[in-house]
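Trainee: model this:
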Amino acid sequence: MQGHTDIRTQGLVARLPAGWRPYALLARLDRPIGSWLLFLPGLWAFAAVAPDRGTGLWLTALFGIGAIAMRGAGCVVNDLWDRDIDRRVERTRGRPLASGAVTPVQALVFLAGLCLVGLLVLVQLNGAAILFGLCSLLPILLYPLAKRVTHWPQAMLGLVFSWAAPQGVVAATGALGPVAWLLWAAGFCWILGYDTIYAHQDREDDAAVGIGSTALRFGERTRPFLAACYAAMLGLLAAAGWAAGLAWPYLPGLLLPAALLARQVATLDIHDPAHCLRLFKANREVGLAVAAAFLLGRL
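Mentor: Residues are numbered from 1 along each chain as shown. Purely as a prediction, here's the structure:
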């Protein structure tokens, strides 16, 4: 695992002024996959229940901007909590707070700016969606602590990263209902699975520094655990489509994300960190395929 890191200083980050680059890395702008994964459960909601195309597109744009800002804010909070641990983990020791490129005070100022952007997006929504969005702040703050007290920090991340699904339903319809809860549960199972894959990159370092993960909890038994998570996700998505009153083509539409998820289970190699990262990133296509299946049910 020596030398493995997912920090990327090329591409967009390399084109920024030198003083901006540590903040771009702190917000993980070098790795947009996290923003995608935070955004996609909201896209499922709009695909399933948006009352019209214009509303769906407007909410998609708002949630996209919000996902970038709040994913960045969550990363700042995580790195503030974890900077001492990050210095001891190969994959994370180059992060700006762990390396000293950004000070904690500078990070807090940057965090305030990101939260302001998130707030400006939030106030564009209806009152119920605003309230629901504010409720997400507590699990966001608690997530970095979960790894210190449990082998299930991926479950806390599942609550946070699937939040856009019920909030998206509320933003589109003004109320919670069965579709919101089914999409939230589906997102939770999906995230529990893919973040376990991601956690296998740090399995040895996590064990050495004494923090928990489902990767450590299940180890060589990860494949059946992953299969169970993804099977539950697909079942809940099928139920959500039914509850939303979608036409029958959404069911065969779910075969594509099912095939992509089955490929992850079949090819998983927990001893290859780079391969685990590739499988984790492949979930963007899974999430987009789910949204496409829901849209197919509305044609």
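Trainee: what about the chain, any weak spots by pLDDT?
Mentor: In the predicted model, the chain carries pLDDT under 70 at residues 1-11.
Trainee: Can I get stretch 106-116 in PDB, CA atoms only?
Mentor: Extracted in PDB, the C-alpha atoms of stretch 106-116 (Å, rounded to 0.1, in the frame of the first residue of the first chain):
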ATOM      1  CA  GLN A 106      -7.800  29.400   7.500                       C
ATOM      2  CA  ALA A 107      -9.900  26.200   7.100                       C
ATOM      3  CA  LEU A 108     -12.600  27.600   9.400                       C
ATOM      4  CA  VAL A 109     -12.900  30.800   7.300                       C
ATOM      5  CA  PHE A 110     -13.000  28.700   4.100                       C
ATOM      6  CA  LEU A 111     -15.700  26.500   5.800                       C
ATOM      7  CA  ALA A 112     -17.800  29.600   6.500                       C
ATOM      8  CA  GLY A 113     -17.600  30.600   2.800                       C
ATOM      9  CA  LEU A 114     -18.700  27.100   1.600                       C
ATOM     10  CA  CYS A 115     -21.600  27.100   4.100                       C
ATOM     11  CA  LEU A 116     -22.700  30.500   2.900                       C
END
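Trainee: what distance separates it from the middle of the whole chain?
Mentor: 20 Å (C-alpha atoms, centre = their mean, to the nearest Å).
Trainee: contact partners of that stretch?
Mentor: Stretch 106-116 is touched from outside by 23, 26-27, 69-70, 72-73, 76-77, 79-80, 96-97, 102, with contacts defined as C-beta atoms under 8 Å, 6 or more residues apart in numbering. Quick note: C-beta positions are derived from backbone N, CA and C, even for glycine.
Trainee: List the buried residues for it?
Mentor: Ala107, Phe110, Leu111, Leu114, Cys115 (16 or more other C-beta atoms under 10 Å).
Trainee: For Ala259, state which of the residues you listed is nearest.
Mentor: Using C-beta to C-beta, Leu114 comes nearest to Ala259 of those, at 36.3 Å.
Trainee: Got the phi and psi for the closest one?
Mentor: Dihedral pair for Leu114: phi -60, psi -40, per degrees, to the nearest 10.
Trainee: One more: Ala101?
Mentor: Residue torsions, per degrees, to the nearest 10, at Ala101 are phi -70, psi -30.
Trainee: do the same with Arg298
Mentor: According to degrees, to the nearest 10, Arg298 has phi -110, psi 0.
Trainee: can you redo the contacts of stretch 106-116 as JSON lines with secondary structure, distance to Leu236 and neighbour count?
Mentor: Formatted as JSON lines, the contacts of stretch 106-116 follow (DSSP: H, G, I helix; E, B strand; the rest coil; distance: C-beta to C-beta, whole Å; neighbours: other C-beta atoms under 10 Å):
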{"residue": "Tyr23", "secondary structure": "helix", "distance to Leu236": "37", "neighbour count": "22"}
{"residue": "Leu26", "secondary structure": "helix", "distance to Leu236": "34", "neighbour count": "23"}
{"residue": "Ala27", "secondary structure": "coil", "distance to Leu236": "31", "neighbour count": "25"}
{"residue": "Ala69", "secondary structure": "helix", "distance to Leu236": "28", "neighbour count": "22"}
{"residue": "Met70", "secondary structure": "helix", "distance to Leu236": "24", "neighbour count": "28"}
{"residue": "Gly72", "secondary structure": "helix", "distance to Leu236": "29", "neighbour count": "25"}
{"residue": "Ala73", "secondary structure": "helix", "distance to Leu236": "28", "neighbour count": "22"}
{"residue": "Val76", "secondary structure": "helix", "distance to Leu236": "31", "neighbour count": "25"}
{"residue": "Val77", "secondary structure": "helix", "distance to Leu236": "29", "neighbour count": "21"}
{"residue": "Asp79", "secondary structure": "helix", "distance to Leu236": "32", "neighbour count": "25"}
{"residue": "Leu80", "secondary structure": "helix", "distance to Leu236": "34", "neighbour count": "15"}
{"residue": "Pro96", "secondary structure": "helix", "distance to Leu236": "37", "neighbour count": "24"}
{"residue": "Leu97", "secondary structure": "helix", "distance to Leu236": "36", "neighbour count": "26"}
{"residue": "Val102", "secondary structure": "coil", "distance to Leu236": "39", "neighbour count": "21"}
